[in-house]
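K.L.:
My questions concern the predicted model and sequence given below.
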Amino acid sequence: TQLLEQSPQFLSIQEGENLTVYCNSSSVFSSLQWYRQEPGEGPVLLVTVVTGGEVKKLKRLTFQFGDARKDSSLHITAAQPGDTGLYLCAGGPQAGTALIFGKGTTLSVSS
Amino acid sequence: EAGVAQSPRYKIIEKRQSVAFWCNPISGHATLYWYQQILGQGPKLLIQFQNNGVVDDSQLPKDRFSAERLKGVDSTLKIQPAKLEDSAVYLCASSLTRGGTDTQYFGPGTRLTVL
């Protein structure tokens, strides 16, 4: 069974700080996605990475896919209260199969 | 473009009762997913449909859970009888195709509480 381990599970920081969330697996994934989920809502896709070593930037968020396609990271620069939420990584083991989700990282940014 | 619709948004039932959830995916999306999200965890796939056929239901507790997508559009997920451990948010998602990198669009979910 393929698993995705996310760390840390909880993160509470002040506005303006930087942070990194990790997503690790012992298995290779064909693609990896990051979602953000707010209370009472479904997850919303932030980014999809498919190539080993790929780096994608979305404003203050930087996503990286490991060279071996087994791990990924999400880095947020100068966090803002609006970044508060549950961040989920999800992997597609093969094209056409459903996603496997990590347990998520709950981020709280206070002003 | 309308998003994925789910109803009801909240449901409270007693254990051993039955409950049904409804999902209407984005128009034209062939693939529909039902996920269970227990508090503090990521979503776990229950069942995946491609049009009106089941692609993956390996994690669906078939002794109590059932789902259908008869006309390949909207879908219903049923639990009968419910157990305390079924308390969770039930998320429906849809994607255009079965492509591994296809974006899955999620509905707001139905929060089920079993007392």
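P.N.:
Great, that's in hand.

K.L.:
pLDDT weak spots in chain B?
P.N.:
Within chain B, the stretches with pLDDT under 70 are B:1, B:98-101.

K.L.:
try it again with 90
P.N.:
B:1-2, B:39-41, B:51-52, B:70-72, B:95-104 (pLDDT under 90).

K.L.:
Do you have the strands of it handy? List them.
P.N.:
With strands called from DSSP state E, chain B shows them at B:5-7, B:10-13, B:19-24, B:31-37, B:44-50, B:53-56, B:65-68, B:75-79, B:88-95, B:105-106, B:110-114.

K.L.:
For chain A, find the nearest of those.
P.N.:
Nearest to chain A, of all those, is strand B:105-106, at 3.0 Å by CB to the nearest CB. In short, each C-beta sits where N, CA and C put it, glycine included.

K.L.:
ok, and what's touching the closest one?
P.N.:
The contact list for strand B:105-106 (CB atoms under 8 Å, 6 or more residues apart in numbering or on different chains) reads A:42-45, B:3-4, B:25-26, B:29, B:91-95.

K.L.:
same thing but at 6 Å, please
P.N.:
A:42-43, B:4, B:26, B:91, B:93-94 (CB atoms under 6 Å, 6 or more residues apart in numbering or on different chains).

K.L.:
Near chain B, which residues of chain A are found?
P.N.:
Residues of chain A that fall close to chain B, judged by CB under 6 Å from any CB of the partner chain: A:30-31, A:41-43, A:45, A:48, A:50, A:88, A:92, A:95-96, A:98, A:101-104.

K.L.:
Low-confidence regions, chain A specifically.
P.N.:
For chain A, the ranges with pLDDT under 90 are A:1-3, A:26-27, A:29-31, A:39-40, A:50, A:91-99.

K.L.:
Now that A:S12 has come up, it's in contact with A:L107, right?
P.N.:
No - contact criterion CB atoms under 6 Å: A:S12 and A:L107 do not qualify, at 7.9 Å.

K.L.:
Of those two, which one has the most company?
P.N.:
Higher neighbour count among A:S12 and A:L107: A:L107, with 21 against 11, using other CB atoms under 10 Å in any protein chain shown.

K.L.:
Can you show me the helices along chain A?
P.N.:
With DSSP state H, there are no helices along chain A.

K.L.:
Pull the number of nearby residues for A:Y35.
P.N.:
Neighbours of A:Y35 (other CB under 10 Å): 24.

K.L.:
Can you redo the strands of chain B as CSV, where the extra columns are mean neighbour count?
P.N.:
Shown next, in CSV, are the strands of chain B (neighbours: other CB atoms under 10 Å in any protein chain shown):
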stretch, mean neighbour count
strand B:5-7, 17
strand B:10-13, 15
strand B:19-24, 19
strand B:31-37, 24
strand B:44-50, 21
strand B:53-56, 14
strand B:65-68, 18
strand B:75-79, 19
strand B:88-95, 24
strand B:105-106, 22
strand B:110-114, 18
